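S.K.: Build the 3D model from these lines:
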Amino acid sequence: MSRYRPPRRPGTALITPQGAARLQAELHELWHVQRPKVTQSVSEAAAQGDRSENAEYTYGKKMLREIDARVRFLRKRLEALDVVDQPPSDTQRVFFAAWVTLEDEDGHESRYRIVGPDEFDLKAGLISIDSPMARALLGKALDAEVEVETPSGARYYYIIAIDY
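M.R.: Sure thing, here's the model as predicted:
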């Protein structure tokens, strides 16, 4: 059995202003707060002498590599993202950044916001535009019936509210 995995398809390059601000804040925190602290601890550990058996030095270098990798990723991703800060011209249909209230077949209501793949959080009701639910909702109007394929079979929802 090989370890080959096909490359993942990059997510949609859309983000809300709140999501972009959160990524910017994470980048600032990593580069201006955490990295200087870790760099200082690594230099202190290096000054102690033998680095081959110095756990603080080894762990600090590992932390620096992880921070630098995340910083590189965030910088490249933020350059590639398009911030969507205007509602669409047709606010009666579901598009990116819409809050959608759904009712399932059992009468249970749920509310989701369609956001970019970098900011989804199901607990907060934020679903990725690349998810099956969001794909089924995009372009639909108020009172439309939506079929969503799930692992347990098709589920049907009714759109009862759309807000931007």
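
S.K.: Quick check, pLDDT for the spatially most central residue of the chain.
M.R.: Computing the C-alpha centroid of the chain and ranking residues by C-alpha atoms, centre = their mean puts residue 118 first, at 2.2 Å. At residue 118, the predicted lDDT confidence score is 93.

S.K.: residue contacts, it?
M.R.: Residue 118 is in contact with 11, 15, 19, 23, 77, 81, counting by C-beta atoms under 8 Å, 6 or more residues apart in numbering. Bear in mind the C-beta positions are built from the backbone N, C-alpha and C, glycine included.

S.K.: Most neighbours among those, please name it.
M.R.: residue 15 (28 neighbours; other C-beta atoms under 10 Å).

S.K.: who's it bridged to?
M.R.: Counting by DSSP bridges, residue 15 is bridged to residue 83.

S.K.: From residue 112, how far off is it?
M.R.: Distance, residue 15 to residue 112, by C-beta to C-beta, to the nearest Å: 17 Å.

S.K.: And the helix or strand of the chain with the lowest mean pLDDT, what's buried?
M.R.: Least confident element among the helices and strands of the chain, by mean pLDDT, DSSP states H and E: strand 145-150 (a mean of 93). In terms of neighbour count (16 or more other C-beta atoms under 10 Å), strand 145-150 has its buried residues at 146, 148.

S.K.: Tell me which strands the longest strand along the chain pairs with, and in which orientation.
M.R.: The longest strand of the chain (DSSP state E) is strand 153-163. Strand pairing for strand 153-163, determined by DSSP bridges: strand 99-104 (antiparallel), strand 145-150 (antiparallel).

S.K.: Averaged pLDDT, stretch 89-101. What do you get?
M.R.: 95.

S.K.: Could you do stretch 9-21 as well?
M.R.: Mean pLDDT, stretch 9-21: 90.

S.K.: Stretch 43-52: end-to-end distance?
M.R.: From its first residue to its last, stretch 43-52 covers 14 Å (C-alpha to C-alpha, to the nearest Å).
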